[in-house]
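Visitor: sequence and predicted structure are below.
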Amino acid sequence: MERDGTLPADGFAELIRGRTPESAGYLFAKASEARDRVFGKAVFMRGLLEFSNHCANDCLYCGIRRSNRSVERYRLSGPEILEACSAGHGLGFRTFVLQSGEDRFYGPGLVAGIVSEIKASFPDSAVTLSLGEHPTESYALWRRAGADRYLLRHETRDPAHYASLHPRGMDVEARVRCLYALKGLGYQVGCGFMVGTPGQTPELLARDLLFVKELGPHMVGIGPFIPHRDTPLASAPPGDVDETLYLLAILRLMGPKLLIPATTALGTLDGTGREKGVMAGANVIMPILTPAAVRGKYLLYDNKICTGDASSACRACVQRRMESVGHSVSLGRGDHPDLGAGPPAPGGPSPAPGFSASRPLPPAARGAPPDVPAPEAR
């Protein structure tokens, strides 16, 4: 696998099923060597801004699913998003990851305007979007506005397994089409999957790994499944940290140039999970920039860490943690080695006519139901 970057499906399944402490230690060492040959000891730090916990979807594992009436919903306005990015820029961040549920209130034009103003205000910074499934036309508009990267976990490549985790009407093939559309538009693209979801097997994980190889993404994010108390999967056991680390190392050997985060979910299940992720081959860490007033409301799973820390404290803590395991923090853009800061898609920035991200959201929008329809340009 180290030579060819892949195995046949049965080879991956056998590798996963045969995990031992000894084989894991060997794999971690090889993965770290592969990463260090490309990136050295640098770990790229991104600022994560969770700007809305409204969602039109009803995924069975997700704490902000549409039908969860226990969630205190919020939306950040354009000025609030820009203010958070400004604070992050002051802390040294040069990548802003804008994440939300699939909130239809934020129409394509509104998102484009926010991206455009972030890029105008902080031209040395990258913007990553993680907003779920949308029409290709919306992805193209956001790319023209200056978005650099897009994260869209495929969750599981097996249609039956996907159906067991999502409501009727959601289709893994639609998600795969989105990923290929994003690649075609010139985004740096990230996919990924959860480890330890109910019904998952080594054979299904092998299929996920083969899909990653087929897609050829620039980023891959994986993390252990963690149940949320207000979902249909509340009683399911969490995923295994050691298995997640093992799969992370496999992904690193499959793609030495990949950008792979040590996720918050790893740190939630294991106090040193993010450090272990880096030692297994990860090279990205994402401290939270979400304003403190709403940070504790964006809970995809139970017991999420870092919801009560100030952004400056979170950044300093992560830096100390990375240095404790012999790595340095890089606050640059941290693009994929083969791409760098490329130009937007042809056509130039295209926010909606008359739009300004500086215009605040109407007060009613903050508490509107998550499936509120949005005009094409706000």
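Guide: It's in.
Visitor: from here on, contacts and neighbour counts on C-alpha atoms
Guide: Noted.
Visitor: any low-confidence regions in the chain?
Guide: Residues of the chain meeting the criterion pLDDT under 70: 340-378.
Visitor: quick one: the strands in it?
Guide: 42-45, 47-52, 95-100, 126-130, 149-151, 188-195, 219-224, 284-285, 328-330 (DSSP state E).
Visitor: which residues touch the shortest one?
Guide: Think strand 284-285. Val43, Phe44, Met45, Arg46, Leu259, Ile260, Pro261, Ala262, Thr263, Arg274, Val318 (Cα atoms under 8 Å, 6 or more residues apart in numbering).
Visitor: pull the most distant pair out of the residues you listed.
Guide: Put simply, by Cα to Cα the two of those set farthest apart are Leu259 and Val318, 17.4 Å from each other.
Visitor: of the two, give the one with the bigger neighbour count.
Guide: Leu259 (26 against 18; other Cα atoms under 10 Å).
Visitor: residue contacts, the more buried one?
Guide: Leu259 touches His218, Met219, Val220, Ala282, Asn283, Val284, His336, counting by Cα under 8 Å, 6+ apart.
Visitor: before we move on, what about Gly5?
Guide: Contact analysis of Gly5 by Cα under 8 Å, 6+ apart lists Leu253, Met254, Gly255.
Visitor: Val220 reaches Gly255, doesn't it?
Guide: No: counting by Cα atoms under 8 Å, Gly255 is not a contact partner of Val220; they are 9.6 Å apart.
Visitor: what segments of the stretch 51-200 of the chain are helices?
Guide: Counting by DSSP state H, counting those that start in this stretch, one finds helices in the stretch 51-200 of the chain at the ranges 78-90, 108-121, 136-145, 159-165, 172-184.
Visitor: with mean neighbour count and distance to Glu214 as added columns, please give those in JSON lines.
Guide: Output for those, formatted as JSON lines (neighbours: other Cα atoms under 10 Å; distance: least, Cα to Cα, whole Å):
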{"stretch": "helix 78-90", "mean neighbour count": "19", "distance to Glu214": "34"}
{"stretch": "helix 108-121", "mean neighbour count": "23", "distance to Glu214": "29"}
{"stretch": "helix 136-145", "mean neighbour count": "22", "distance to Glu214": "21"}
{"stretch": "helix 159-165", "mean neighbour count": "16", "distance to Glu214": "17"}
{"stretch": "helix 172-184", "mean neighbour count": "18", "distance to Glu214": "11"}
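Visitor: mind putting those helices in JSON lines, distance to Leu210 included?
Guide: Output for these, formatted as JSON lines (distance: least, Cα to Cα, whole Å):
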{"stretch": "helix 78-90", "distance to Leu210": "36"}
{"stretch": "helix 108-121", "distance to Leu210": "32"}
{"stretch": "helix 136-145", "distance to Leu210": "25"}
{"stretch": "helix 159-165", "distance to Leu210": "15"}
{"stretch": "helix 172-184", "distance to Leu210": "13"}
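Visitor: which one, of the ones you listed, ends up nearest to Asp302?
Guide: Here helix 159-165 is closest among the helices of the stretch 51-200 of the chain (Cα to Cα), at 17.4 Å.
Visitor: can you check which helix is longest in this structure?
Guide: The helix that spans the most residues within the chain, counting by DSSP state H, is helix 21-39.
Visitor: contacts for that one?
Guide: Tyr246, Ala249, Ile250, Arg252, Leu253, Pro256, Lys257, Met279, Ala280, Gly281, Ala282, Asn283.
Visitor: which one of those residues has the most neighbours?
Guide: Gly281 (32 neighbours).
Visitor: correct me, but that residue touches Leu247?
Guide: No: using Cα under 8 Å, Gly281 is not in contact with Leu247, being 10.0 Å away.
Visitor: between the contacts of strand 284-285, which sits nearest Leu204?
Guide: For the contacts of strand 284-285, the minimum distance to Leu204 (Cα to Cα) is 20.5 Å, reached by Ile260.
Visitor: how about Phe211, nearest residue that isn't a chain neighbour?
Guide: With Cα to Cα, 6 or more residues apart in numbering as the criterion, Phe211 has its nearest non-adjacent residue at 7.0 Å, and that residue is Arg157.
Visitor: check contacts around the one you found.
Guide: Arg157 sits next to Val172, Leu204, Arg207, Asp208, Phe211 when contact means Cα under 8 Å, 6+ apart.
Visitor: ok, it to Gly308 distance?
Guide: 35 Å (Cα to Cα, to the nearest Å).
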